[in-house]
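J.: heads up, no residue letters with this:
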């Protein structure tokens with residue numbers, strides 16, 4: 001029976017829960033007002049959005065370059081396919097299976113080289129993105145430190161010498 005008494009004492013009353021909820025809502029409201037009216041917060045948000053904008057622009061440029069390379073590779077394949085005389089190729093394969101195998105090997109080799117070049121370029125871009133991510137993180141940290149230093153300096157200036 002003593003355990004039941006202790007547990008019932010530990011459960012908060014509805015008045016306590018209501019009071020805690022009111023304090024929590026007031027704290028959230030105060031925090032939101034501070035964030036929305038703080039010039040430092042606006043500076044930090046502006047810096048973060050600027051960094052994000054730069055990363056998106058760099059990503060779009062990289063995607064554009066890769067798409068251009070893929071388009072060039074596709075144009076080469078299309079040109080080779082249109083140049084190929086299908087009847088002559090079939091005749092070569094039927095008349096000389098070894099030549100047909102060589103033509104197939106060359107086609108596979110060319111496709112493999114193109115895929116490898118695109119893979120290498122993609123890995124290069126991934127490495128560049130990793131570096132940009134680290135630079136952006138470092139830049140954001142430095143911006144926050146700079147803004148906090150400005151606030152600290154401004155508040156010291158307002159308070160004046162003691």
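T.: Arrived safely. Computed from a predicted structure; not experimentally measured. Residues are numbered from 1 along each chain as shown.
J.: in this structure, where is pLDDT below threshold?
T.: 1-5, 8, 89, 92-94, 97, 99-100, 151, 154-162 (pLDDT under 70).
J.: in it, where's the longest helix?
T.: In the chain, ranked by residue count with DSSP state H as the criterion, the top helix is helix 97-159.
J.: tell me which other helices or strands it touches.
T.: Helices and strands touching helix 97-159, by 3 or more CB pairs under 8 Å, 6 or more residues apart in numbering; DSSP states H and E, are helix 39-83, helix 86-95. The C-beta positions use only the backbone N, C-alpha and C, and glycine is treated the same way.
J.: looking at those helices, which is nearest to residue 122?
T.: Nearest to residue 122, of all those, is helix 39-83, at 6.7 Å by CB to CB.
J.: how far is the closest one from where the chain is centred?
T.: 12 Å (CA atoms, centre = their mean, to the nearest Å).
J.: quick revisit: quick one, the longest helix of the chain and helix 39-83 angle?
T.: 170 degrees (axes from the mean of the first three to the mean of the last three CA atoms, to 10 degrees).
J.: how far is helix 97-159 from where the chain is centred?
T.: From the chain centre to the centre of helix 97-159 is a distance of 10 Å (CA atoms, centre = their mean).
J.: then stretch 15-26?
T.: 39 Å.
J.: which other residues reach it?
T.: residue 12 (CB atoms under 8 Å, 6 or more residues apart in numbering).
J.: ok so, going back, turn the helices and strands packed on helix 97-159 into TSV, columns for distance to residue 21.
T.: Formatted as TSV, the helices and strands packed on helix 97-159 follow (distance: least, CB to CB, whole Å):
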stretch	distance to residue 21
helix 39-83	26
helix 86-95	78
